[in-house]
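Enquirer: I'd like to go over a predicted model; first the sequence, then the structure.
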Amino acid sequence: MNVVLMLVATVCGGCLTAQDSGGPRLEDVRSALSVLSADSLMGRRTGSAGAAQAAAFIAAQLESFGIEPAGDSGYFQRVPMVRVTRDGRRRVELLPSWSDLDTVPAERRLGDVNVVGLIRGRDPVLRDEAVVIGAHHDHLGVGRPVDGDSIYNGADDDASGVVAVLEIARSLARGNGPRRTVVFLFSTGEEMGLVGTRWYLRHPVVPLDRTVADLQVEMIGRPDSLAGGVGRAWLTGYDRSTMGDMLRDAGNPIVPDPRPEEGFFMRSDNFPFAVEGIPAHTLSSYNMHTDYHRPSDEVDLIDFEHMTQVIEAAIQAVELLANGEKPEWHPGGRPERRR
């Protein structure tokens, strides 16, 4: 363990450990989410010191579970990005390759990482197939003050999803092992145009033609009455593939997205996977709360009883994907590649 990871593990103290038994524990969920959404991380903006702290924390957790590192630098998959200004707005753009970074002035270069780990499948046939489970670890950073607060903590968006994927990794690591290989992808730059996921798809841990499913977790920190309230969540694009059918048949409390008109299926890191032909969906319980993308998205508004129950449902969903039939697109369900 390097010095940064040792520091994070020491600060975390009572966070998740691979030796814990049973399902997700509320106190573990609260502890990990409190670290990721603390003011000291300054909103985890892509390329910031706070984003680097979040990535180091996630990597330390994966290491403590015994998850195999799968980046190009340990758990870290470096992502080449640059700052640009277009139409008067500052943006982040993904470069085609690392060599292209040499053509960009140093002050415009931006460094950040995906955090990637995996558990290799145990089945002699299915282990060559992979399921990707993901959440984005970035948020908006420091911005326009609202009621005197300028730190956009992103507790629900998407520290809640990151904690869920960590819990899924912990659960799978302590069992007998999944039949398929499971890749845990904590992507950067979702708020900047899905840049971390787009880079991963160019440099996947398991080739895309052997990646059979992707499940993203985003904004599960509060219950949604339209999904059934506490402990219930919904899946974007539920009817597009048999993933929804699998969850329903297993009695999982994950239901169809109750607001398809919002287009959430196309607004998260699942969508680039889906465009590549991989059945990919996002699990959420976002209830359209008004703290979305505001400094008020803080840890004290998280319903940890609800969130812990949804994580348990997410663990069951991943076990289905890792051990059962692979999902398939329903006719007309796969999105067309944008031209």
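Expert: Looks like it arrived, so ask away.
Enquirer: which ones are touching the closest residue to R91 other than its chain neighbours?
Expert: With Cβ to Cβ, 6 or more residues apart in numbering as the criterion, R91 has its nearest non-adjacent residue at 5.2 Å, and that residue is V84. Every residue, glycine included, has its C-beta placed from N, CA and C. For V84, the contacting residues are 90-93, 108, by Cβ atoms under 8 Å, 6 or more residues apart in numbering.
Enquirer: what about T211? Give its phi and psi, please.
Expert: Taking degrees, to the nearest 10, you get phi -90, psi 110 for the backbone angles of T211.
Enquirer: give me the pLDDT for it.
Expert: T211 carries a pLDDT value of 98.
Enquirer: which strand or helix spans the residue nearest to R91?
Expert: For V84, the enclosing helix or strand under DSSP states H and E is strand 76-86.
Enquirer: paired strands for the following helix or strand past that strand, with orientation please.
Expert: Later in the chain than strand 76-86, the nearest helix or strand by DSSP H and E is strand 89-94. Strands adjacent to strand 89-94 in the sheet, as given by DSSP bridges, are strand 76-86 (antiparallel).
Enquirer: gap between the strand it pairs with and the chain center?
Expert: Mean C-alpha position of strand 76-86 versus that of the full chain (Cα atoms, centre = their mean, to the nearest Å) differs by 19 Å.
Enquirer: so for that strand, mean pLDDT?
Expert: Rounded mean pLDDT across strand 76-86 is 93.
Enquirer: for that strand, which positions count as buried?
Expert: Using 16 or more other Cβ atoms under 10 Å as the test for burial, strand 76-86 gives 76-82.
Enquirer: residue contacts, the closest residue to S34 other than its chain neighbours?
Expert: Sequence neighbours aside, V299 is the residue nearest to S34 in space, at 5.3 Å (criterion: Cβ to Cβ, 6+ apart). Counting by Cβ under 8 Å, 6+ apart, V299 touches 30, 33-34, 37-38, 153, 155.
Enquirer: list only buried entries from these.
Expert: By 16+ other Cβ under 10 Å, the contacts of V299 give 30, 33-34, 37-38, 153, 155 as buried.
Enquirer: show me these that map onto helices.
Expert: Those of those mapping onto helices are 30, 33-34, per DSSP state H.
Enquirer: okay, the most centrally placed residue in the chain: pLDDT?
Expert: For the chain, A135 is the residue whose C-alpha lies nearest the centre (Cα atoms, centre = their mean; 0.5 Å). A135 carries a pLDDT value of 98.
Enquirer: wait, it touches Q216, no?
Expert: Yes - the pair A135 and Q216 passes the contact test of Cβ atoms under 8 Å, sitting 6.3 Å apart.
Enquirer: shared neighbours, the two?
Expert: Common contacts of A135 and Q216, defined by Cβ under 8 Å, 6+ apart, comprise 161, 269.
Enquirer: just the C-alphas of stretch 302-309, formatted as CSV.
Expert: Presented in CSV, the C-alpha positions along stretch 302-309 are these (Å, rounded to 0.1, in the frame of the first residue of the first chain):
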residue,chain,number,x,y,z
ILE,A,302,-29.3,11.3,3.1
ASP,A,303,-31.8,8.6,4.2
PHE,A,304,-29.3,6.0,5.3
GLU,A,305,-31.9,3.3,6.1
HIS,A,306,-33.3,3.7,2.6
MET,A,307,-29.8,3.8,1.0
THR,A,308,-28.7,0.7,2.8
GLN,A,309,-31.7,-1.3,1.7
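Enquirer: one step back: farthest pair within the contacts of V299?
Expert: Pairwise distances across the contacts of V299 (Cβ to Cβ) peak at 14.5 Å, for the pair R30 and N153.
Enquirer: can you put the ones in helices among the buried ones among the contacts of V299 in a markdown table and add distance to D123?
Expert: Shown next, in a markdown table, are these (distance: Cβ to Cβ, whole Å):
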| residue | distance to D123 |
| --- | --- |
| R30 | 35 |
| L33 | 33 |
| S34 | 37 |
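Enquirer: quick one: average pLDDT of the host helix or strand of L110?
Expert: Under the criterion of DSSP H and E, L110 resides in strand 109-119. Average pLDDT, strand 109-119: 95.
Enquirer: any idea how far it is from the chain center?
Expert: A distance of 12 Å separates the centroid of the chain from that of strand 109-119, by Cα atoms, centre = their mean.
Enquirer: that strand pairs with which strands, and in what direction?
Expert: Here strand 109-119 has these sheet partners by DSSP bridges: strand 68-69 (antiparallel), strand 76-86 (antiparallel), strand 181-187 (antiparallel).
Enquirer: out of these, which is closest to D224?
Expert: strand 181-187 (23.7 Å).
Enquirer: list the buried residues of that closest one.
Expert: 181-187.
Enquirer: with stretch 91-108 instead?
Expert: 92-95, 101, 104.
Enquirer: beta partners for V79?
Expert: Bridge pairing for V79 (DSSP bridges) gives the partners D112.
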